[in-house]
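K.L.:
The sequence and its predicted three-dimensional model are supplied below.
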Amino acid sequence: MSEGVGVTVRVPRALASIVGGERSVHVPLDSASTVSHVLDVLAGEFPILGRRIRDETGALRRYVNVYVDGEDVRLLGGVGTAVTPGQELQILQSVAGG
């Protein structure tokens, strides 16, 4: 994806191999949109990543947290949370084990 106006999506190390080994991906965005739209663009480019983040209904998987500029989208508008060019999305997976 080309650089320019858009959103930076930070990817956890565990998912970096899915996006070519990068820890961040640029998603072009020239006007206000939603987290869902940004995730749709990512899923179009990286289908495996899309399936790891959201379920078949489009909802975030239980063990995946998404933040817009440090704010948990589950406490905002979920995947309908507004995103504007220049913001940062961060995807974090919960890690289980012991």
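P.N.:
Noted; the coordinates are in hand.

K.L.:
ok, and for stretch 81-92, which residues are buried?
P.N.:
81, 83, 87, 89-92 (16 or more other CB atoms under 10 Å). To be clear about C-beta, it is placed using only N, CA and C from the backbone, and glycine gets the same treatment.

K.L.:
Identify, from these, the entry nearest to residue 51.
P.N.:
Using CB to CB, residue 91 comes nearest to residue 51 of the buried residues of stretch 81-92, at 13.2 Å.

K.L.:
Which of the buried residues of stretch 81-92 fall within strands?
P.N.:
83, 89-92 (DSSP state E).

K.L.:
mind checking pLDDT for the nearest residue to residue 79 once chain neighbours are set aside?
P.N.:
Spatial nearest neighbour of residue 79, excluding adjacent residues (CB to CB, 6 or more residues apart in numbering): residue 36 at 4.0 Å. If you check residue 36, the pLDDT there is 95.

K.L.:
In this structure, where's the longest helix?
P.N.:
helix 35-45 (DSSP state H).

K.L.:
Which elements pack onto it?
P.N.:
Secondary-structure packing of helix 35-45 (3 or more CB pairs under 8 Å, 6 or more residues apart in numbering; DSSP states H and E): strand 6-10, strand 24-28, helix 47-53, strand 64-68, strand 82-83.
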